[in-house]
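Engineer: Structure for this input, please:
(one chain, ligands or ions: 1)
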Amino acid sequence: MAERRVFDAIVVGGGSVGVPAAYDLALRGLKVLVLERRPAVGQGDNKAAIGGIRATHSDPAKIVLCSRSLARMSTWKETHGTDVGWKPGGYVFPVYDEALERTLIGLFPIQRRFDLEIDWVDARTMAELVPGINPEGLRGGTYSPNDGQLSPLKVPVAFQRAAQALGATFRFNERVAAYDVEGDRIRGVRTDRGRYEAPVVVIATGADAAGDGALLGIDIPVVPDSHEAGITAPMAPFLNPLVVDLRPGPEGKTANFYFGQNDEGQIIFCYTPRELFVGHDRECLSEFLPILAARMISLLPRMRHALVRRVWRGLYPMTPDGVPIVDNVPEIAGLTLAVGMCGQGFMLGPGVGEEVAALVVDGRSSLPDEAHEKIRWGRNYAGVEALK
Ligand SMILES: Cc1cc2nc3c(=O)[nH]c(=O)nc-3n(C[C@H](O)[C@H](O)[C@H](O)COP(=O)(O)OP(=O)(O)OC[C@H]3O[C@@H](n4cnc5c(N)ncnc54)[C@H](O)[C@@H]3O)c2cc1C
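Structural biologist: Got it, this is the predicted structure:
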């Protein structure tokens, strides 16, 4: 006979967002079930992330959610006792041309309105922050000292353990294949191994979310595109901040690239292709490393000695406007979406977890109206976030 069990809330997807959401729901006293089709937490696109966590965005919702993530994760070890690979050091955006200088400085008013610490630093300070950076034409750049880095391998496990300590149940290798809806209310989900009942279902299925929308008869406009990343062998620590070089590459293939040195000394890096690869493909391309290496060595010549250990490719679950969807679905009572995290789901996750708990338990957003409006389901998706 098919297994039948009853919970207060079911979270579908144990990734960057689903695991913190499960923790926050359990923290609010709910009996939570997480269903994950892979064999462990964080094995979807979570583990593709390079681990950057910044509140330096241009969208109010992302600023507030990531500020909450930072507040929570920078103190996680003290509050929970588990290591999450936190490395402070901030983010820098080095600038070599006047137009970009104007654009980035133009974002300061909105960033500062939400209490972000961010400033322009001159070329000499930038060269101190990024030792060995190519000084030719360097004008300076932005520096946000409170941003940092975390381990995408350690964070979901830390949240899983904390959620389990509060009574949450995790079931792996179990894919949600159908949603039970009666009238205008969600009743639970079905997998190949059983049926689970709950008055609340949170969809946190990342790049697969559009398929859940199809099962539910609602439009979830998430279309993934793929990005590659890589990591070097450890080297002596020299780089504190994460570095984002927003210039398009001279090879015509890269829109920008970014990297940092993690708490184990490895340089972890990624670029944004100029022409996006839309779809679910996760095969690595032979062109990635040569292109990335040329960009890296041109910006930071000392990196010519780096030994690359491995590369990988994962997905950004994109929305049309580059901003997530975190909202209750009014048409189906009990259904909450936490999807479309784009290129920032890892840093958004801990903040989104708190917001999901507010939406579910309090029935309303915990964000300022202006921010909640940006991440509503069914909003007008026109416009694109400047730092998406
Ligand atoms: C190269 C690269 C670098 C990146 N760097 C960063 C970074 O530095 N900082 C940052 O914040 N973000 C970064 N990202 C983006 C980040 O990885 C994603 O935005 C984030 O992981 C998305 O989180 P998610 O929880 O929505 O999806 P996921 O973490 O993929 O979680 C979704 C989970 O749902 C499960 N699932 C799906 N369907 C079902 C189903 N039907 N039943 C059960 N389970 C299901 C999946 O198996 C998966 O585990 C990067 C991404 C890439 C590709």
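Engineer: count of neighbours near residue 370?
Structural biologist: 12 (other C-beta atoms under 10 Å). Where you see a C-beta, it was placed from the backbone N, CA and C, and this is true even at glycine.
Engineer: Could you give me the buried positions within the helix or strand containing it?
Structural biologist: For residue 370, the host element (DSSP states H and E) is helix 369-374. Judged by neighbour count (16 or more other C-beta atoms under 10 Å), helix 369-374 contains these buried residues: 371, 372, 374.
Engineer: got it, and stretch 185-200?
Structural biologist: 186, 187, 188, 189, 191, 196, 198, 199, 200.
Engineer: how distant is it from the center of its chain?
Structural biologist: 27 Å (C-alpha atoms, centre = their mean, to the nearest Å).
Engineer: same thing with stretch 336-344?
Structural biologist: 8 Å.
Engineer: hmm, back to that, redo the buried residues of stretch 185-200 as a markdown table? Include distance to the ligand, pLDDT and secondary structure.
Structural biologist: Shown next, in a markdown table, are the buried residues of stretch 185-200 (distance: C-beta to the nearest ligand atom, whole Å; pLDDT from 0 to 100; DSSP: H, G, I helix; E, B strand; the rest coil):
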| residue | distance to the ligand | pLDDT | secondary structure |
| --- | --- | --- | --- |
| 186 | 15 | 98 | strand |
| 187 | 17 | 98 | strand |
| 188 | 13 | 98 | strand |
| 189 | 8 | 98 | strand |
| 191 | 7 | 96 | strand |
| 196 | 11 | 97 | strand |
| 198 | 15 | 98 | coil |
| 199 | 19 | 98 | coil |
| 200 | 16 | 98 | strand |
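Engineer: Any chance of those residues in CSV with distance to residue 97 as columns?
Structural biologist: Shown next, in CSV, are the buried residues of stretch 185-200 (distance: C-beta to C-beta, whole Å):
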residue, distance to residue 97
186, 51
187, 56
188, 55
189, 51
191, 52
196, 54
198, 53
199, 54
200, 49
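Engineer: Which members of those are the farthest-apart pair?
Structural biologist: Distance extremes for the buried residues of stretch 185-200: the farthest pair is 191 and 199 at 18.2 Å, using C-beta to C-beta.
Engineer: and the residue in the stretch 1-150 of the chain that the ligand sits nearest to, how far is that from residue 22?
Structural biologist: Residue of the stretch 1-150 of the chain nearest the ligand, by C-beta to the nearest ligand atom: residue 15 (1.8 Å). Noted for residue 15: a distance of 11 Å to residue 22, by C-beta to C-beta, to the nearest Å.
Engineer: These two - which one has more neighbours?
Structural biologist: Shown here are residue 15 and residue 22; by other C-beta under 10 Å, residue 22 has more neighbours (34 against 30).
Engineer: doesn't the more buried one fall inside a helix?
Structural biologist: Yes: assessed with DSSP: H, G, I helix; E, B strand; the rest coil, residue 22 lies in a helix.
Engineer: wait, what's in contact with the residue nearest in space to the middle of the chain?
Structural biologist: With distances taken as C-alpha atoms, centre = their mean, residue 345 lies nearest the centre of the chain, 1.7 Å away. Residues near residue 345 by C-beta atoms under 8 Å, 6 or more residues apart in numbering: 15, 16, 17, 45, 46, 49, 206, 317, 324.
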